[in-house]
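> what's the 3D shape of this:
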Amino acid sequence: MENHEPGTENNTSDENLDHLAKDIESTLKFVKSSKRPAVQHCIIRSVNPLLRRVNEAAYRPLFVIIGPLRCYTSLLEPMELQKRIYLASFLQRPGVGASLNEFCKLITASAPEIRSRYEETYYRRCDFKAHQIQQNIPPSDDNLQWFIEMVLADAAFIIELFLRIYHKEGQPESEIDFVFDSPGKIYDIRRDLFLAHNQLPLFVLKQIYDLAFGNNPDHHPSFIHLSCNFFYQYFNQNISIHDLFQPNQPHVDFIAKLEGAKHFTDLLRTLQLQHSFQNPGSNSKSFSCKPMFKCSSLFPSGQKTEENSDLESGRVQGKYLYSATLLREAGVKFRVSSSRCLLDIKFNKTNGELSIPPLKLDESTEPFFRNIMGWEQSYYPEETHVCDYVFLMEYLIKSSDDVDLLVRKRIIINQLGSHTAVVTLFNDLCKHIPPTENNRYSETFRDLNAYNSVRRHGWMAKLRLLYFSSLWKSVATLAATALLLLTLTQTICALISL
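Numbering: from 1, shown residues only. So this is what the prediction gives:
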C-alpha cells in the first residue's frame, strides 16, 4: 500500500480549484472588457431553424448569389460569368467617370466597414480566422483581393442590371446575357435580390454608383430611384415613383428614409410603411414607427377577464378575432381600399366598413413576406409592422370561404391556383413567430369585436344576406312583401264588409 502524506490530496484539490477560479475570472475580465461592435450586423446568415424548416426554399437564392456567402456552389458558374460580363459593360458605359483602379481603391478603403455589416459566420466561408475578426486584424492580402473583386463584381452587376431595366435597354445582340435570354428570368433575379442574407450593404452600392456618375448627376437618376424602379411591384405607396423623384419635390423626408436603408430587404420594408404625401403645411401627420394604439376597455366594470385584458393590450391570438365570413355575418362590410399601402387598413365604426388595400398573391409572395418578417424580428423587434399586417390577414383567412369573400371583394388577387393555397400560405407565415404585445392593429381588433357584440348588426346582416344579397333576391323579397301586404289588405277589407 502506498503511503500518502496527510493533506496531500486536499492540497492538490485546492490547487485545481484555484486554477479553475483564475481561468473563470480571466474569462469574465475578457468578456467585461469586450466592446460592443460599433456597427450592428445588418446582414445575417442565421435564420431561426423552426422558420427555415417550414419553407427553406423561401430563403435560398435561385440564380444570383450576392455578398461573401458562398454555400450554394452549384449556382456560381453561369451567373459569376454574367457578373464579369456586366462589370465590363458597366466600366465601358458612357458617362462613367472613374477607372477600374479607382473603384478598387474605393472598396479597399470601405472594406472594414463593409465587413462589419456581416455576421461572423460569413467570414468562416471566406477563410477569415475567427481571432482576426474578434481582434479587428485585417485579412490576408489574398483574401482581401478576393473580397474586393467579389464586391466590385456584385455591385457592378446590380448597377448595370438596374440601368438596363430603367432605360429599357434589354440584351445587346453581341453579348452573352443569362438575364434577358428568357422572359421570366428577371422575376427570379428580382426575388433573389430581396433575400435578407443575399445582400451587399446599400451604402457601398451608392458609393460606387456616385463615383461612376457623380460628375453628371443631371443625366442619371439617383441609385435609390433606380432601386425603386427595379422593385416597382413592391412600391406600395400612394404616389408614383416618377412623382416621388421629381426635382424640387416636397417629399425629401421619405426619400431620406429610403436613403437610410441598410440593404434591399430593408428598403422594401420601408416601402411598405405608411407615409403621408401631403404638401408641406397640411394637417396630415406622417407615419410613426412607434406602437400606435393603447386600447381602452370594451367591457363594463366587474366583467373584465384575463383574456379580455390580453385583447385590450394588443396580445391578440387567433381565437379572439373572427374570420372574414364570421365578421360579415356579424354585420361587417368589406371594401377594397383605394390606398396602395398594404398596412393602411381602416375600420369605420359608424357604418361597419372594413377597408383593406388589394394584395396580389403569387409565387414570390411567400419569400417576400418571410424575409421581411425575419428581418423585422431581428432588427426591428419593437416595430414589426409587416408582421402585424400578416397576422391580421391570417386572423381573417381561416377557410376557403374567407378567401372567396375577399377575392369577390377584390381585396385578394389570387394567382396561387386555389383558395386552399392562400389559407396555407398565411397559416405557414405565422408559424413560430409570436405576436407582438403592441400590435399596431390593436384598435382595429377592439373595434371589430365591439361592433360584433351588438346583436342588431348581426340581425341586419343576416337580413341583408338572406333577402337582399343580389338583385333577384331583392326583387323577389319586395314582390313577396307586396303580395303579403295586398293579401293582408284584402283580408282586412273582407272582414270590414261582413
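
> Could you list the low-pLDDT ranges of the stretch 51-200 of the chain?
Along the stretch 51-200 of the chain, the parts satisfying pLDDT under 70 run over 69-76, 120-142, 171, 173-174.

> for this protein, which residue is closest to the average position?
Per C-alpha atoms, centre = their mean, the C-alpha nearest to the average position across the chain is that of Ile372, at 2.8 Å.

> In terms of helices and strands, where is that one?
Ile372 belongs to helix 365-379 when assigned by DSSP states H and E.

> and stretch 147-154, which residues are buried?
147-148, 150-154 (16 or more other C-beta atoms under 10 Å). For every residue, glycine as well, the C-beta is placed using N, CA and C.

> What of stretch 417-426?
So for stretch 417-426, counting by 16+ other C-beta under 10 Å, buried means 419, 422-423, 425-426.

> Among those, name the ones in helices.
Counting by DSSP state H, the part of the buried residues of stretch 417-426 found in helices is 419, 422-423, 425-426.

> Need those residues in JSON lines (columns: pLDDT).
Output for these, formatted as JSON lines (pLDDT from 0 to 100):
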{"residue": "His419", "pLDDT": "95"}
{"residue": "Val422", "pLDDT": "96"}
{"residue": "Val423", "pLDDT": "95"}
{"residue": "Leu425", "pLDDT": "95"}
{"residue": "Phe426", "pLDDT": "95"}
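
> Could you pull out the strands in the stretch 351-498 of the chain for me?
Shown for the stretch 351-498 of the chain, the strands assigned by DSSP state E, counting those that start in this stretch span residues 353-356, 359-361, 412-414.

> Check which helices and strands the first one is in contact with.
Read it as strand 353-356. Identification of packing neighbours for strand 353-356 by 3 or more C-beta pairs under 8 Å, 6 or more residues apart in numbering; DSSP states H and E yields strand 333-336, strand 346-348.

> Swap in 10 Å and give it another go.
helix 324-329, strand 333-336, strand 346-348, helix 385-396, helix 442-452 (3 or more C-beta pairs under 10 Å, 6 or more residues apart in numbering; DSSP states H and E).

> swap in the second one?
For strand 359-361, the contact count by 3+ C-beta pairs under 10 Å, 6+ apart identifies helix 400-408, strand 412-414, helix 419-429 as packing neighbours.

> roughly how far out does the last one sit from the chain middle?
Spelled out, it's helix 419-429. 17 Å (C-alpha atoms, centre = their mean, to the nearest Å).

> Stretch 438-454 now?
24 Å.

> Over to stretch 430-442?
For stretch 430-442, the distance to the chain centre is 14 Å (C-alpha atoms, centre = their mean).

> Tell me the buried residues in it?
430, 433, 435-436, 438-442.

> which of those residues lies closest to Thr489?
Tyr441 (52.0 Å; C-beta to C-beta).

> The closest one is in contact with Ile345, isn't it?
Yes: if you go by C-beta atoms under 10 Å, Tyr441 and Ile345 touch, sitting 6.7 Å apart.

> joint contacts of these two?
Here Tyr441 and Ile345 have 388-389, 392 as joint contacts, going by C-beta atoms under 10 Å, 6 or more residues apart in numbering.

> and which of these is nearest Gly95?
For the shared contacts of Tyr441 and Ile345, the nearest to Gly95 is Tyr389 (40.7 Å; C-beta to C-beta).

> For Asn216, see how far away the closest one is.
41 Å (C-beta to C-beta, to the nearest Å).

> These two: who's more crowded?
Tyr389 (24 against 12; other C-beta atoms under 10 Å).

> doesn't Cys430 make contact with the more buried one?
No: counting by C-beta under 10 Å, Tyr389 does not reach Cys430; the two are 11.2 Å apart.

> which neighbours do those two share?
What both Tyr389 and Cys430 touch, as defined by C-beta under 10 Å, 6+ apart, is the set Met373.

> closest to Gly67 among the buried residues of stretch 147-154?
When those are compared for distance to Gly67 (C-beta to C-beta), Asp154 wins out at 6.8 Å.

> isn't the closest one right next to Glu160, touching?
No: using C-beta under 10 Å, Asp154 is not in contact with Glu160; the gap is 11.0 Å.

> shared neighbours, the two?
Overlap of the contact sets of Asp154 and Glu160 (by C-beta under 10 Å, 6+ apart) consists of 83, 86-87.

> Closest one to Gly184 out of those residues, please.
Tyr86 (19.3 Å).

> quick one: contacts for that closest one?
So Tyr86 contacts 79, 153-154, 156-161, 163-164, 175, 177, 179 (C-beta under 10 Å, 6+ apart).

> Tabulate those (a markdown table), appending distance to Gln272 and secondary structure.
Conversion of the contacts of Tyr86 to a markdown table gives the following (distance: C-beta to C-beta, whole Å; DSSP: H, G, I helix; E, B strand; the rest coil):
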| residue | distance to Gln272 | secondary structure |
| --- | --- | --- |
| Met79 | 28 | helix |
| Ala153 | 30 | helix |
| Asp154 | 25 | helix |
| Ala156 | 29 | helix |
| Phe157 | 26 | helix |
| Ile158 | 21 | helix |
| Ile159 | 24 | helix |
| Glu160 | 27 | helix |
| Leu161 | 23 | helix |
| Leu163 | 25 | helix |
| Arg164 | 26 | helix |
| Glu175 | 36 | coil |
| Asp177 | 31 | coil |
| Val179 | 26 | coil |
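
> just the buried members of the residues you listed?
For those, buried by 16+ other C-beta under 10 Å: 79, 153-154, 156-161, 163-164, 177, 179.

> Tell me which two of those sit farthest apart.
Farthest pair in those, by C-beta to C-beta: Met79 and Leu163, 18.0 Å.
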